[in-house]
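Colleague: sequence and predicted model, in that order:
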Amino acid sequence: MLALGGLVSPAHADKVARTAECQGDWLPATPTASDVMQGEISLVGLPPYKLGKKINWGASPYNNRSWEFVFQSLRWMGSLAVEYENSGEQRYLNRATEIAKDWVANNKRGARTTKSYVWQDHPVSLRTQALLCLSMHVNESWLKESLAEHAKLLSDPRLYKKGHNHGIDQDIALMGIGCRYDRKDWTNLAINRLTGTVKLDVDAQGALMEQAPRYAVYVHSRLQVAMTNMKACDRRVPAEIAKRTDALKDFVAHSTMPNGYMVPLGDGSAETEPKMETGTPKQEVRTYRAGYVFGRTAWGKPDSAYYSLRYGPGMKFHGHEDHLGVTYYAQGHDILVDGGFHSYEKSAYRYWTLSPEAHNVPTVVGARFKPRTASKLVATEYGDDRQSFKLTDKAYGVARTRSVLVNHGEDLMAVLDTASGGKKIRNLWRFDPSLKLISKSGGKVVLGDDKFKVSLVQLSSCERVGGQQVERGGKLGWASPAYLSKKQTNVVISPPAKSLLTAIVPGTDSPKVSCSSSKVTVNGISFPTDLF
């Protein structure tokens, strides 16, 4: 290990030294070095963009914020420096140097022609990795001066994103520059800040506090990079960072559904696969103080039932207004799903995906919603084949309370919604886009595909509640299972009632339901009317 973290491969020694700064896992899958050399780049899944020989640094071909940020990160330029190390071909380094030098000349901080987002925290921290990699092979003053300018911003406490994955990236970047140029003040600051940020971003249970489980995978990978870089810089890894990084694995495992995809809560796509080794947790059900309940019938079985519940601190970072919301997967099918994550664009649809109407939640009739309201988990009951939970908040000014029971083996989810002060309540149930409406009558709604059926039945004080509306498209009937996707899906809207008991019954279009003052029975499965 070289003093600056360089790694030399003996088989490669007659060409170019491979360095830790270039050989990490920081490069995205696209574009490839070949793409960049041919003059086109594809970023964030959008169509390729023609760079040309002379690059337009103000380009925004898709008016997409994520594209702009990734473009300005220069990681695509960094792929050329990495290819130079791997192949020893000078042309890759020449073009990387040309691109980076042109970027530095045309993106002076504070200049009238420089876009404001170019020097925001995340492009700065991600760009640092590409420039550091280039600096291992290019020893020119313009590059060193640019990295010093990056370090100045990265070390500014007014710009630091504490308790957030952006802060982690800022610390990795600052530590990289500090170690590269032997600036112990920068390195010390980065490590000290990182310890505090990790304590805020990952709680003692290992739950990510950013309110979107898919970001736990990103944070885990970045903390692995941070710890590797500390060791390469001859620095001790703080015990709390190592401990919480390891604890994240259980959280990722619990938030991954039996089909291998992460439950798409908050800013999370339904197509996110963790692609990391988590091991198998000891518990099938886990309650996190950060505001999650995750449960399943069994590990390692694709047809296992799986559910999630949301509560906890008010919405922040990558969260949505999904408190008291549920998702449900059973018999190999997504059943109840969230509205999903569309993009970070400042559009009406993006803001709608954040709203309660995009989630499976109860609403209080005639009351105004109060954003960012915290909610509580106030009761739990665990059994091997059945679990019950009670959640409550005052997001509508009065107490709304939701109790949820999940039965395993004979799959069933039952949900009881009430509001205090004599207020009526109604609820929304968003079904997976693959499930079409089959029938609706007598308080029962049936959805399904060619092989699978699921029934929703609603009661109020043991009486069947009819009059459900089903909206596909329109105002409510949408879901975004992937980035920039928008699909029509069926949303069942209940009529208002003093109380609503909703049974979701997978695998049938004709559930047998009976109810007395103290007991409900669905297909032979009995449970208390209050679900406890």
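Modeller: Sure thing, it's come through.
Colleague: how near is the residue lying closest to V44 once chain neighbours are set aside to Y117?
Modeller: Take V44 and drop its neighbours on the chain: the residue closest to it by CB to CB, 6 or more residues apart in numbering is S66, 4.7 Å away. Placement of C-beta: from N, CA and C, glycine included. Between S66 and Y117 the distance is 11 Å, computed by CB to CB, to the nearest Å.
Colleague: same deal with K275?
Modeller: 29 Å.
Colleague: settle it for me: which of these two has more neighbours?
Modeller: Taking other CB atoms under 10 Å, K275 and Y117 do not tie; Y117 has more neighbours (14 against 8).
Colleague: enumerate every residue touching the more buried one.
Modeller: Counting by CB atoms under 8 Å, 6 or more residues apart in numbering, Y117 makes contact with R65, E68, F69, Q72, P123.
Colleague: go again with 7 Å.
Modeller: E68, F69, Q72, P123 (CB atoms under 7 Å, 6 or more residues apart in numbering).
Colleague: can you tell me how far it sits from K50?
Modeller: Where K50 is concerned, Y117 sits at a distance of 22 Å (CB to CB).
Colleague: list the contacts of the helix or strand Y218 falls within.
Modeller: Using DSSP states H and E, Y218 falls within helix 214-232. Residues from elsewhere that reach helix 214-232 (CB under 7 Å, 6+ apart): 1, 5, 20, 24, 165, 168-169, 171-172, 175-176, 179, 191, 194, 198, 201-202, 208, 237, 241-242, 245, 248, 251-252, 262, 268-269, 272, 274, 276, 318.
Colleague: of those residues, which belong to helices?
Modeller: When DSSP state H is applied, those are split such that 20, 165, 168-169, 171-172, 175-176, 179, 191, 194, 198, 201, 241-242, 245, 248, 251-252 fall in helices.
Colleague: beta-bridge partners for the residue lying closest to T502 once chain neighbours are set aside, please?
Modeller: Closest residue to T502 apart from its sequence neighbours, by CB to CB, 6+ apart: V415 at 4.7 Å. As for beta bridges, V415 partners with V404, T502 under DSSP bridges.
Colleague: how much space separates V415 from P313?
Modeller: Taken as CB to CB, the span from V415 to P313 is 22 Å.
Colleague: among the two, which residue is more densely surrounded?
Modeller: Each of V415 and P313 has its neighbours counted (other CB under 10 Å); V415 has more, 25 against 16.
Colleague: isn't the more buried one right next to V404, touching?
Modeller: Yes - V415 is within contact range of V404, at 5.3 Å (criterion: CB atoms under 7 Å).
Colleague: now do the shared contacts for the two.
Modeller: V326.
Colleague: what number of residues lie near the residue nearest to G340 when sequence neighbours are not counted?
Modeller: In space, G340 comes closest to S480 once its chain neighbours are excluded; the distance is 3.8 Å by CB to CB, 6+ apart. For S480, the neighbour count with other CB under 10 Å is 25.
Colleague: in the helix holding Y218, what's buried?
Modeller: Neighbour-count burial for helix 214-232 flags 214-223, 225-230, 232 (criterion: 16 or more other CB atoms under 10 Å).
Colleague: now L456. Nearest residue, chain neighbours left out?
Modeller: V445 (4.5 Å).
Colleague: same check, this time on P433
Modeller: T489 (4.1 Å).
Colleague: give me the phi and psi angles of the one you found.
Modeller: The phi and psi values for T489, taken as degrees, to the nearest 10, are phi -150, psi 160.
Colleague: which residues touch it?
Modeller: Counting by CB under 7 Å, 6+ apart, T489 has contacts R430, F431, D432, P433, R472, G477, W478, A479.
Colleague: of these, closest to E345?
Modeller: Lowest distance from E345 to those (CB to CB) belongs to W478, with 15.3 Å.
Colleague: you'd agree S439 is in a strand?
Modeller: Yes - counting by DSSP: H, G, I helix; E, B strand; the rest coil, one finds S439 located in a strand.
Colleague: hang on, it packs against L447?
Modeller: No - S439 lies out of contact with L447 (CB under 7 Å); the separation is 8.9 Å.
Colleague: so for these two, which sits in the more crowded spot?
Modeller: Using other CB under 10 Å, the more surrounded residue of S439 and L447 is L447, with 25 against 13.
Colleague: next, that one: secondary structure please.
Modeller: Going by three-state DSSP: L447 is strand.
Colleague: now it: closest residue in space that isn't a chain neighbour?
Modeller: With CB to CB, 6+ apart, the residue lying closest to L447 is L435, at 4.2 Å.
Colleague: I figured that neighbour hits D449, correct?
Modeller: Yes - taking CB under 7 Å as the definition, L435 is a contact partner of D449 at 6.3 Å.
Colleague: who's more crowded, these two?
Modeller: A side-by-side neighbour count of L435 and D449, using other CB under 10 Å, places L435 first with 21 against 13.
Colleague: against T256, how distant is the more buried one?
Modeller: From L435 to T256 the distance is 22 Å (CB to CB).
Colleague: before we move on, back to that, so who does the residue nearest to V44 touch?
Modeller: Contacts of S66 (CB under 7 Å, 6+ apart): V44, S343, Y344.
Colleague: look up phi and psi at it.
Modeller: phi -60, psi -40.
Colleague: where does this protein dip in pLDDT?
Modeller: 1-14 (pLDDT under 70).
Colleague: which stretches in it count as helices?
Modeller: 20-23, 33-37, 65-73, 75-87, 90-106, 121-135, 141-154, 165-180, 184-201, 214-232, 239-254, 348-354.
Colleague: ok, now which ones touch V520?
Modeller: Contacts of V520 (CB under 7 Å, 6+ apart): L501, S526, F527, T529.
Colleague: any idea what the nearest residue to the first one once chain neighbours are set aside is bridged to?
Modeller: Closest residue in space to L501, ignoring its immediate chain neighbours: L459 at 4.4 Å, by CB to CB, 6+ apart. In this structure, L459 has beta-bridge partners R464, L501, where bridges are defined by DSSP bridges.
Colleague: contact partners for L459?
Modeller: By CB under 7 Å, 6+ apart, the neighbours of L459 are V465, L501, C515.
Colleague: any chance of JSON lines for those residues, columns distance to M136 and neighbour count?
Modeller: JSON lines is the format used below for these (distance: CB to CB, whole Å; neighbours: other CB atoms under 10 Å):
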{"residue": "V465", "distance to M136": "67", "neighbour count": "20"}
{"residue": "L501", "distance to M136": "64", "neighbour count": "24"}
{"residue": "C515", "distance to M136": "71", "neighbour count": "16"}
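Colleague: could those go into CSV alongside distance to K15?
Modeller: As requested, these are exported to CSV (distance: CB to CB, whole Å):
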residue, distance to K15
V465, 73
L501, 70
C515, 76
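Colleague: do you know how far P238 is from T97?
Modeller: Distance from P238 to T97, by CB to CB: 36 Å.
Colleague: do the same with W429
Modeller: Distance from W429 to T97, by CB to CB: 57 Å.
Colleague: now swap in K15 and tell me
Modeller: In terms of CB to CB, K15 sits 18 Å off from T97.
Colleague: neighbour count winner among those two?
Modeller: Taking neighbours as other CB under 10 Å, K15 and T97 compare with T97 leading, 20 against 14.
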